[in-house]
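Trainee: got a sequence here, can you model it:
(one chain, ligands or ions: 4)
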Amino acid sequence: RELEIDLRRALALKQFELHYQPFLDLKSNRVIGFEALLRWHHPRRGNVPPLDFIPLAEETGLIVTIGEWVLRSACEAAANWPGDMVAAVNVSPLQFKSDTLLETVSSALERSGLPASRLEVEITEGALLDDTENVLATLHALRDLGVHISMDDFGTGYSSLAYLQKFPFSKIKLDRSFVAGTGADCDAILKAVAGLGTSLGMAITAEGVETDEQLNRIREERCTYVQGYLTGRPMTVDRIARFLENGQ
Ligand code: G
Ligand code: G
Ligand code: MN
Ligand code: NA
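Mentor: Ligands and ions are numbered 1, 2, ... in the order given. Model prediction:
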């Protein structure tokens with residue numbers, strides 16, 4: 001497959017770039033961190049969307065080395081950010097289950113000098129399926145390092161409450177479809193997940209907030225954090241300093 005051949009060479013050819021999207025604390029209205037989002041610039045294909053290549057990277061196992069690069073780059077970038085600014089990094093199910101993950105995380109922290117408390121790992125429910133013992137061991141080992149762990153895209157998969165009970169995530173990220181969606185069902189889900197956060201003592205991020213109306217809604221429901229185009233689009237690393245000076 002042609003795309004696969006290109007993907008295998010992409011790292012060496014330096015075709016990847018990370019963009020960073022801010023997330024804000026809803027109480028203080030201040031940016032507290034940025035999520036690293038992978039971008040692939042291909043000379044002929046143009047910008048290949050993550051949804052077109054991440055599944056392929058996952059299938060072929062390439063996600064493990066790509067993910068190492070993402071972790072290292074994000075930690076290096078975040079080490080230059082002011083204060084306690086956090087870098088949130090998406091870790092795919094295969095990467096999460098690989099035996100090199102812990103070593104990759106600790107060496108990325110060590111090499112960059114970023115304190116573990118300023119790194120957040122985002123996993124989806126796919127990472128938690130089967131092999132519960134090992135999954136729990138990895139989650140606890142990351143937590144023992146001092147890294148925060150978020151449940152990403154919550155509401156789109158199994159959304160099993162058992163996961164939330166078995167492991168205390170720092171944060172639940174409610175998928176943007178429920179924030180952007182209109183209608184009573186999305187509203188009910190937003191309410192329920194916000195309530196779940198309060199009762200389980202987990203922070204809730206509302207993703208994909210694009211309008212003031214949506215922002216008001218998530219404030220009403222007492223979500224903890226907001227991430228979306230309204231409060232900041234993904235940006236290149238060189239724009240972060242200026243964004244933090246002017247943008248908030
Ligand atoms: O940035 P965008 O909305 O296009 O991202 C689409 C999807 O790609 C999201 O589900 C996001 O979590 C995923 N994604 C973005 N960057 C990374 C990455 O570095 N690693 C992994 N595993 N997934 C990523
Ligand atoms: O699955 P994950 O939550 O990691 O993916 C985040 C994706 O959502 C990124 O690709 C990012 O570009 C996208 N995104 C972030 N904010 C918004 C938004 O306000 N609206 C839309 N449509 N997409 C967003
Ligand atoms: Mn994410
Ligand atoms: Na998400």
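Trainee: what does the chain put close to ligand 2?
Mentor: 21, 37, 90, 152-153, 176, 207-210, 228-229, 234 (C-beta under 6 Å from any ligand atom). C-betas here are computed from N, CA, C, even on glycine.
Trainee: now the helices for the chain?
Mentor: For the chain, applying DSSP state H gives helices covering 2-10, 50-60, 63-78, 93-97, 101-112, 132-145, 161-166, 176-180, 184-200, 212-220, 240-246.
Trainee: packing partners of the first one?
Mentor: Counting contacts by 3 or more C-beta pairs under 8 Å, 6 or more residues apart in numbering; DSSP states H and E, helix 2-10 packs against strand 30-42, helix 50-60.
Trainee: what of the third one?
Mentor: In terms of contact count using 3+ C-beta pairs under 8 Å, 6+ apart, helix 63-78 is assigned the packing partners strand 16-25, strand 30-42, helix 50-60, strand 86-90, helix 93-97, helix 101-112, strand 119-123.
Trainee: repeat for the second one
Mentor: In terms of contacts (3+ C-beta pairs under 8 Å, 6+ apart), helix 50-60 is packed against helix 2-10, strand 30-42, helix 63-78.
Trainee: which pLDDT value goes with G247?
Mentor: Note for G247: predicted pLDDT of 63.
Trainee: thought R217 was touching L190?
Mentor: Yes - here R217 reaches L190: they are 6.9 Å apart, a contact under C-beta atoms under 8 Å.
Trainee: check the residues of the chain next to ligand 2 and tell me the two furthest apart.
Mentor: Largest separation among the residues of the chain next to ligand 2 by C-beta to C-beta: N90 and E210, giving 20.6 Å.
Trainee: with the residues of the chain next to ligand 2 in mind, which one is nearest to K97?
Mentor: N90 (14.6 Å).
Trainee: lowest-confidence helix or strand of this protein?
Mentor: helix 161-166 (a mean of 85; mean pLDDT, DSSP states H and E).
Trainee: how about residues contacting that helix?
Mentor: 125, 128, 132, 136, 151, 172, 196, 200, 202 (C-beta atoms under 8 Å, 6 or more residues apart in numbering).
Trainee: now for V64, how many residues are close by?
Mentor: 20 (other C-beta atoms under 10 Å).
Trainee: if we can go back for a sec, of all the helices of the chain, which one is nearest K27?
Mentor: Nearest of the helices of the chain to K27, taken as C-beta to C-beta: helix 212-220 at 9.7 Å.
Trainee: the closest one versus strand 16-25: what angle between them?
Mentor: Interaxial angle of helix 212-220 relative to strand 16-25 (axes from the mean of the first three to the mean of the last three C-alpha atoms, to 10 degrees): 60 degrees.
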